[in-house]
Every structure is written in C-alpha cells, then in structure tokens.
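K.L.:
Generate coordinates for the sequence data below:
(chains A, B, C and D)
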Number of protein chains: 2
Amino acid sequence: MIWIKTSDLISLLREKGKKVTPQRLAICQEVFSRDDHPSVEQIYLNLKNKYPTISLATIYKTLQLLKEKGYLQEVGTSNGSVRYDPNRNLHVNLVCTKCGEITDVIPKTLPQMWSVLTSDLGIEPQSQLLNIYYTCKKCGKIGIIPNV
Amino acid sequence: MIWIKTSDLISLLREKGKKVTPQRLAICQEVFSRDDHPSVEQIYLNLKNKYPTISLATIYKTLQLLKEKGYLQEVGTSNGSVRYDPNRNLHVNLVCTKCGEITDVIPKTLPQMWSVLTSDLGIEPQSQLLNIYYTCKKCGKIGIIPNV
DNA sequence: GTAACTGCAAACGCTTTGCACTCCC
DNA sequence: GGGAGTGCAAAGCGTTTGCAGTTAC
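P.N.:
Residues are numbered from 1 along each chain as shown, chains lettered A, B, ... in the order given. Next up, the predicted model:
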C-alpha cells in the first residue's frame, strides 16, 4: 500500500500541467490505497458507488497517464485484462497460477543482490517486474486436479 | 534459442496424447528456433510462405497448448499483443521501453542468488518472469525527446 | 474564456469460438 | 473408422478513439 496525501496528489498532477478533477483524484485514491493489483473493471466497480456517472474511458485515460508518468506498472494479464501495481519499488510479485492472486513481497536479500546484478549487467534499470509463479497455500490445500 | 530435434518434438506431442500435424510441427519449429520473442502475428507471417493456408486460429490454439504444457511463457504485451518466450530457463529479459526489443541475458550471479531468494521465501516457484525495463543502446543514442 | 477533461457510443484489434471438413492414428 | 485438428468466419471482449458537452484554471 502506498500512502499518499490528497494534497500531494493535487500538486503531483499540477506539476505535470494536468488538471485536477474529482474523477482523477478518486481514481488515484482508489488505486494507491489498495494493496492488491486491481484490474480496470475492479476500479470501475468500486468507484461507481460514489461516482455513478464515471466512465471506463476516463479510468483508462487516467491509468494511462499514471503509467506514462511512472506511478503505476502493469503486472501482466489475468483473464485477458491488465492488472496494475501501484508499488513501483523493488519487490517481488508472487502470482498464484491457479487463482491468479498476486502478493507483494520484499525479500530481505533482494535489494543488495539486485544492485549487484544490475551493475554486473552494466545497465541502469528504469524499473523491473519480478514475478514468481507458484501455487498459493489456499490453492495448494484444495485437491482439485488442474485441467491442463 | 532452444535447440530441439523434430523427432523429440514428435514424441513430446505424442507423449501428451496430442496428434502430430504438419502445422503443429511447423509452429513449434518456428517458435523454438528463434531467439527473440515473437508475437502471434510474426509467427503467422513467417509460416504463411511455407503453409499458405495456415490460420491464425491454429497458431493461437497451438501456442495455448504449448503454454499449458509449460514449454512457453508470456513475456508481457507489446503494442497490444502478447509476446512469447520459448526460453523457460532462469533468465532476465531486458526490455527496451522505447523500441520494445527484448533481449535475454543470464547474469553469472543470477542462479545462486535466485535460489537463495526463493528458499528464503519458502516457496517452490513453477517459473518466473524477470523483466528489466531500460533504454537500449540503439535508442539511447538517438536524441529523441520521449513524448511523456 | 479556453484548453483540457469527461462520458457516451462507436470503432478497433487481438483472441476465442462454432462448425463443417480433413487428417492422423 | 473415429476422434482430434484445421481453417474459415463470426463472435467476444478489453481497450481506444471521436466528439459534443462540461469544467478546471
């Protein structure tokens, strides 16, 4: 979860020459207050209560904006739709291959080994996406034979 | 690049109770003989010369099959279409954020640090996707101001 | 006041599906 | 021979776009 104050959000948008609209604030607050990896649909459904007229187009446009500015990253797709990750810090996504649930973890050893690795490669990463595919405990317990 | 003999491919398919068709062989050979990360469209165009009647549907179905069986991994999307990686071994994808080119690298230190990391996490990864987003040398040289 | 934003609907493009025909086993 | 696979066309669905009306500044 990324804690961000509304006032900071406003100056963030203004800084970029972008207008601060209620819709944008709502979308940002929704995205950055979650600690999961929502799809556009999930964001839309959650906002529809408070903003009944909000449209998918606006959400797509705002997420596009946040992605371009580097505040958001795509974590891959699940059931055909993109999932977003508000956490741009170095971390690992544990992706359950059965239920699709994504959990963030930051292994203690990760920061140091990652800096060694990237300096070995001689590149300056803008960002990274580290997904580990596994079977989560919940799904591991259930004795369903996967249909593969 | 994954070197795989046609005879191995055939027994691989048979093993899984799948029929060996010329189309499937062609698709497999196309995918596994490349060392880039082709889209469905690229595979289709390359095969159309030799198999003028091959259809996108068949390619989609075959790639789906290979993915289910674990011989292929999605590396994310570029321009709206999925890119596939025939390399299921532990490696890093260097993804240029400007031209979209993807390069595989295997840092010397990676295998050991990765096994430390996963054992720390106490999980058994089925696979992983390690993408590093950067600007490749070709794009870094060109003095275009990114429109972001 | 005006340029940017919203939201609707239509368009778009990648992917999946249904189905008749074909072919591997 | 029979069931699985192919390929065509159509449908599906997430996403983008055009545009008229609205709003932030």
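
K.L.:
what ranges do the strands span in chain A?
P.N.:
Secondary structure of chain A by DSSP state E: the strands cover A:73-78, A:81-85, A:92-96, A:102-105, A:127-134.

K.L.:
Make CSV from the ones you listed and add mean neighbour count and mean pLDDT to it.
P.N.:
The C-beta positions use only the backbone N, C-alpha and C, and glycine is treated the same way. As requested, the strands of chain A are arranged in CSV below (neighbours: other Cβ atoms under 10 Å in any protein chain shown; pLDDT from 0 to 100):
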stretch, mean neighbour count, mean pLDDT
strand A:73-78, 18, 83
strand A:81-85, 18, 89
strand A:92-96, 21, 88
strand A:102-105, 16, 88
strand A:127-134, 20, 89
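
K.L.:
how about JSON lines for these, with distance to DNA strand D added?
P.N.:
Formatted as JSON lines, the strands of chain A follow (distance: least, Cβ to the nearest atom of the strand, whole Å):
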{"stretch": "strand A:73-78", "distance to DNA strand D": "7"}
{"stretch": "strand A:81-85", "distance to DNA strand D": "4"}
{"stretch": "strand A:92-96", "distance to DNA strand D": "16"}
{"stretch": "strand A:102-105", "distance to DNA strand D": "15"}
{"stretch": "strand A:127-134", "distance to DNA strand D": "16"}
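
K.L.:
ok, the closest residue to A:P111 other than its chain neighbours to B:D104 distance?
P.N.:
Once flanking residues are discounted, A:P111 sits nearest to A:L90: 6.1 Å by Cβ to Cβ, 6 or more residues apart in numbering or on different chains. Distance of A:L90 to B:D104, given as Cβ to Cβ, to the nearest Å: 21 Å.

K.L.:
Switch the strands of chain A over to a markdown table; also include distance to chain B.
P.N.:
As requested, the strands of chain A are exported to a markdown table (distance: least, Cβ to the nearest Cβ, whole Å):
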| stretch | distance to chain B |
| --- | --- |
| strand A:73-78 | 6 |
| strand A:81-85 | 8 |
| strand A:92-96 | 7 |
| strand A:102-105 | 6 |
| strand A:127-134 | 4 |
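
K.L.:
So for A:R24, which of those strands sits nearest?
P.N.:
Of all the strands of chain A, strand A:81-85 sits nearest to A:R24, with 15.2 Å by Cβ to Cβ.
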